[in-house]
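[1] Fold the following.
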Amino acid sequence: MDKLHQHLIELAHQYHTADFIKSDPIQFPHAYDKLQDIEISGLLTAYISFGRRSMIIDAAHRLNKIMGHQPYTYVLSKQWETDFSNSDKTFYRTLNHQKMEEMFVFLYSVYSQHESMEAWMINKSTGLPIDTLLDGLGLSKTSAQKKLNMFLRWMIRKDSPVDIGCWKQLHARDLIIPLDTHVHQMALELGITQSKTASFKTAQQITDYFKTIFPDDPCFGDFALFGFGVNR
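    Numbers count the residues shown, from 1 in each chain. Predicted structure coming up:
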């Protein structure tokens, strides 16, 4: 094993701790016990996760308050049709009410036909978990899809002090690393990738690299790159 691999393994273990939760948006789905509440809070929190962490957390608090801290009940009630009816009104940064309502429409379609989002994912599977989710949302791989890959990491990685791992039939080996600006910069500095474009292809390349270190759990490498940035 070369020195870089050993260093990344050490960093991953060092920063893969419960302390990570208190300053991260993952704290919101962690606040729930019911599977459906965790799934809905997780997807919506991930969806608004761009910008400064403090701003994301403030927006997530507002969203949870709107939902009455009962995401599943709120989705099925269709109260969001009223709460997000002003399509031009901004909810958070570039996300207006129309975009938020589109997410609730998707969630309602999932839960009106399936017991859970995991059940929907399995029923609609078109390949990797990210492929299924992108198809369901009508999105493509033109970008790195950091937010959705982060949501899937939260739901799927098991036996983790950070990630929730509430989905039992999907596997961590099929995840793609959530590629944000920080992770991309660290990967460039370490020579893990030479691509200066934060694309889905780059995210896949970085994931493939970490499969050589953590073959069954490549997203464990996310914590290594986070740790490398902190220690740098």
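[2] the bottom helix or strand of the protein by mean pLDDT?
    helix 221-231 (a mean of 88; mean pLDDT, DSSP states H and E).
[3] so how far is it from its chain's centroid?
    17 Å (CA atoms, centre = their mean, to the nearest Å).
[4] Contacts for it, please.
    Residues outside helix 221-231 that contact it (CB atoms under 8 Å, 6 or more residues apart in numbering) are 7-9, 11-12, 14-16, 20, 153, 162, 177-178, 182-183, 185-187, 189-190, 206-207, 209-210, 213-214. Just so you know, the C-beta spots here come from the backbone N, C-alpha and C atoms, and that holds for glycine as well.
[5] rerun at 6 Å
    8, 11-12, 14-16, 177, 182-183, 186, 210 (CB atoms under 6 Å, 6 or more residues apart in numbering).
[6] Which of the three states applies to Pro161?
    Counting by DSSP: H, G, I helix; E, B strand; the rest coil, the backbone at Pro161 sits in coil.
[7] List buried residues within the contacts of helix 221-231.
    Among the contacts of helix 221-231, the ones that count as buried by 16 or more other CB atoms under 10 Å are 8, 11-12, 15-16, 177, 183, 186, 210.
[8] Now for the nearest residue to Glu118 once chain neighbours are set aside: which residues touch it?
    Spatial nearest neighbour of Glu118, chain neighbours left out: Trp167 (4.4 Å); criterion: CB to CB, 6 or more residues apart in numbering. Shown in contact with Trp167 (CB under 6 Å, 6+ apart): 118, 155-156.
[9] let's see 8 Å
    Counting by CB under 8 Å, 6+ apart, Trp167 has contacts 118, 121, 155-156.
[10] re the thing from before, the contacts of helix 221-231 in helices, which ones?
    8, 11-12, 14-15, 182-183, 186, 210 (DSSP state H).
[11] re the thing from before, got a pLDDT number for the residue nearest to Glu118?
    Trp167 carries a pLDDT value of 98.
[12] Can you tell me how far it is from Ala46?
    Going from Trp167 to Ala46 by CB to CB, to the nearest Å gives 14 Å.
[13] again, but for Leu170
    16 Å.
[14] higher neighbour count, the two?
    The neighbour comparison of Leu170 against Ala46 (other CB atoms under 10 Å) goes to Ala46, with 26 against 20.
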